[in-house]
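> test case, fold it:
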Amino acid sequence: MTRILATGTFDILHPGHLYFLERAKALGDELYVVISRDANVNHKPTPILPEKQRLEMVGALKPVDSAVLGSLTDYFEPVASIRPDIIVLGFDQKFKEKDLEEELKKRGFSSKVVRLPAADGSFYSSRSIAAEIVKRKKEDFRA
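Numbering: from 1, shown residues only. Have a look, this model is predicted:
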């Protein structure tokens, strides 16, 4: 039984999230997803949806076997309880594979780290969706 771990903020679900989770699930038998805590999201704007709603939405997706909130104090705490064989990173996640693998080894984990490529498509990122909404709203004001 191969356990896969994916992480992310998953604010306002879109096709890119589903692409990421479906491909992550294809790498193994069980997909565990760790949802970033509101307090820990500091690399982009604060999520619009609260963490508990993001957890509920991701947990309801077909590829996901289990969704949990991340730790407020230690990013590796869920890794210790899930014990994944593979940790999957999205194309735009800030982690560097080598650095993450080294930190995992220091902590006694043997998880393999895999980065997925970007998906082709116009609405596969929150930024592209937000930009399109702004563009259309501007067009509405001009009309």
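
> I figured Lys44 was touching Thr9, is that so?
Yes. With contact defined as Cβ atoms under 8 Å, Lys44 and Thr9 form a contacting pair (7.3 Å). The C-beta positions use only the backbone N, C-alpha and C, and glycine is treated the same way.

> and these two? Which one has more around it.
Set Lys44 next to Thr9 and count neighbours by other Cβ atoms under 10 Å: Thr9 wins out with 23 against 13.

> where does the protein have low pLDDT?
Across the chain, the ranges flagged by pLDDT under 70 are 122, 143.

> repeat that for 50
Regions of the chain meeting the criterion pLDDT under 50 are absent.

> for Tyr124, give its distance to Ile82.
26 Å (Cβ to Cβ, to the nearest Å).

> centre of the chain to the longest helix seen in the chain, how far?
With secondary structure taken from DSSP state H, the chain has its longest helix at helix 126-142. With Cα atoms, centre = their mean, to the nearest Å as the basis, helix 126-142 stands 24 Å off its chain's centre.
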